[in-house]
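Trainee: No sequence on hand, only this structure:
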Ligand code: WT7
């Protein structure tokens, strides 16, 4: 561990105090039952009864608490200076209407409603409308190509897809016949019947005709609510299913970790196609009734500083890749903006390098607070809290109500590694409300994640003597690029579709900005030559089928791939070679690998 200066906890002037002031005391006295009482203002014993619906907490409860006219969402359009505000009352009506749209289409409890939408206002009506109807909301990433979309629409057995005309025509329409479960496609940007592509419906027309009042049916804490796809080393993507009581974690962490206070303006930069964009870009801030800023545009350093300034953002949740891109744009740029409203900056998704924490302390005047969690955990599990010293490079300490441990699994038995500074697997004691309840239709894979009452995260970490957790690395071969998890198998499967490709293996190659980029090693069938034309062809296929966010950035031709005697490709070995690291135990290696072409 490097000896970096500790950043002393924030001292806030005047009346303002963080929600969580004494970590150890709060952690010791915390109970999810009390939290549920607080969340529903004592109106319901949510653990036992049937009135815990995420949408009723995040939207409708704000109306009964007198915040109906408060701005819930402030949307900034990508083009021009267009800005649109939506109050909680408006979101309540729009989501009621969309719930009625779904009901009218015969969509009910447990049916999956997918979106392939950018950061646009309709997303909020669709998400909360689906939740009110007790359907399962499943957002998909717009930068996915047709293949990742097909796979996820198929695995989720989605009955409804809400998207835009352009995305539909480019990516979905050609494969529509193979999507046997998909009954309804609703387009958000087509307003006239005669303009609709065949087999689609207009969001605007459906909404205009829908009843503006919807009564949420009894919803139990364990009713399914959210589905988020994530990737493992092998096999198809995994659909992590979350239940309505996950909202307890969204609320608790909005309060303790994001430190949101009434009247705050909060900005989450994550895309709604991933879990952060839903848990913290839709739900969590609304459970505490603050104003959520939503920016439709892609990253641009000057634009981002301007948003922080003009919207008077108080709390900002972003990602290390974005922070590194801001760092790259220079220290002078932020000096020309007034960032004095920014009280608390937070990040997630990948390691936040200590340099980034120190940079933000120096340049933005606030240290960025790292948080750790996963698609499976549904909400923040480990965090740096405002009222706690920051050790730059550390992920912080467990959220109250979450028990984190460093463990090792020996012969199928869990062994807690209680000594400080020992490396092991990060595990969480089962019992926090936003834990995933299954990998949809993949029970075996789900079961494998649990042992002796603990969920194994697949991350390696250590805990120091002060109880701070430090990220060490992944225990598996999944790739983290720009904060997004990419399964090597999904990429390899598409590479194998090219007629020249005999074998393919994909690794994450370190990248100073994106953390990792996808690099593919490809062995060609005999008769094909490892030349530039072939490389370009394979690259084009990968980009077309997978989309730019998932396709490899680099392809290296090899004569053969290193495999175990049982035929498993050893990605770890390829990675070790790429990094110039020791190759570790290669005793199971089948035969050596020889490079035949340069890489780029
Ligand atoms: C994986 C989960 C949940 C937010 C979006 C990512 C890595 C996450 C950190 C952090 C180092 C981190 C882990 C984790 N990760 N946060 N603060 N420091 N690594 O969700 O796509 O399911 O990815 O992201 O490896 O297991 P996800």
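Mentor: That came through, no problem. Here the structure is a predicted model, which is why all the values come from computation and not from measurement. Numbers count the residues shown, from 1 in each chain.

Trainee: got the phi/psi numbers for the closest residue to residue 150 other than its chain neighbours?
Mentor: Of all residues not flanking residue 150 in the chain, residue 175 sits nearest, at 5.3 Å (Cβ to Cβ, 6 or more residues apart in numbering). Every residue, glycine included, has its C-beta placed from N, CA and C. Main-chain dihedrals, residue 175, degrees, to the nearest 10: phi -110, psi 10.

Trainee: can I assume residue 175 is in contact with residue 146?
Mentor: Yes: using Cβ atoms under 8 Å, residue 175 is in contact with residue 146, at 5.9 Å.

Trainee: which residues in the stretch 451-600 of the chain form helices?
Mentor: Ranges of helices in the stretch 451-600 of the chain, per DSSP state H, counting those that start in this stretch, are 488-495, 532-546, 571-579.

Trainee: what's the most buried one of the ones you listed?
Mentor: helix 488-495 (a mean of 22; mean count of other Cβ atoms under 10 Å).

Trainee: anything in it near the ligand?
Mentor: No: Helix 488-495 is not in contact with the ligand by Cβ under 6 Å from any ligand atom; minimum separation 13.7 Å.

Trainee: same deal with stretch 547-556?
Mentor: No: no part of stretch 547-556 sits near the ligand under the criterion Cβ under 6 Å from any ligand atom; the closest distance found is 12.4 Å.

Trainee: Just the buried residues of that stretch, please?
Mentor: 547, 549-556 (16 or more other Cβ atoms under 10 Å).

Trainee: now do stretch 317-335
Mentor: 317-327, 329, 334.

Trainee: Need the contact partners of that stretch.
Mentor: 258, 266-270, 276, 280-281, 299, 301-302, 304-305, 345-353, 355-356, 359-360, 362-364, 368, 482-483, 512-515 (Cβ atoms under 8 Å, 6 or more residues apart in numbering).

Trainee: Contacts for the longest helix along the chain next, please.
Mentor: The longest helix of the chain (DSSP state H) is helix 88-104. Identification of contacts with helix 88-104 by Cβ under 8 Å, 6+ apart yields 55, 59-60, 62-63, 67-70, 72-73, 86, 108, 111, 113, 124-133, 135, 160, 186, 206-207, 210-214, 216, 286, 289.

Trainee: Please type out the PyMOL selection for whichever of those residues turn out to be buried.
Mentor: Filtering the contacts of helix 88-104 down to the buried ones (16+ other Cβ under 10 Å) takes a single PyMOL command:
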select buried, resi 55+59+60+62+63+67+68+70+72+73+86+111+113+124+125+126+127+128+129+130+131+132+133+135+160+186+206+207+210+214+216+286+289
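
Trainee: Quick one: list the elements packing against the helix or strand encompassing residue 253.
Mentor: Using DSSP states H and E, the element containing residue 253 is helix 247-256. Applying 3 or more Cβ pairs under 8 Å, 6 or more residues apart in numbering; DSSP states H and E, we find helix 247-256 packed against helix 32-39, helix 284-287.

Trainee: Mind doing that once more with 10 Å?
Mentor: helix 23-29, helix 32-39, helix 54-55, helix 284-287 (3 or more Cβ pairs under 10 Å, 6 or more residues apart in numbering; DSSP states H and E).

Trainee: so residue 409 touches residue 450, yeah?
Mentor: No: with contact defined as Cβ atoms under 10 Å, residue 409 does not reach residue 450; the gap is 11.1 Å.

Trainee: Enumerate every residue touching the residue of the stretch 1-150 of the chain found nearest the ligand.
Mentor: Proximity of the stretch 1-150 of the chain to the ligand (Cβ to the nearest ligand atom) peaks at residue 141, 10.9 Å away. Going by Cβ atoms under 10 Å, 6 or more residues apart in numbering, residue 141 touches 116, 118, 148-149, 152, 229, 271-274, 277, 484, 547, 549-550.

Trainee: Show me what from the stretch 151-300 of the chain comes close to the ligand.
Mentor: 230, 275-276.

Trainee: Then the chain?
Mentor: 230, 275-276, 348-352, 370-375, 395, 457-459, 471, 474, 480, 485.

Trainee: Now list the buried members of the residues you listed.
Mentor: Counted by 16+ other Cβ under 10 Å, these give 230, 275-276, 348-352, 370-375, 395, 457-459, 471, 474, 480, 485 as buried.
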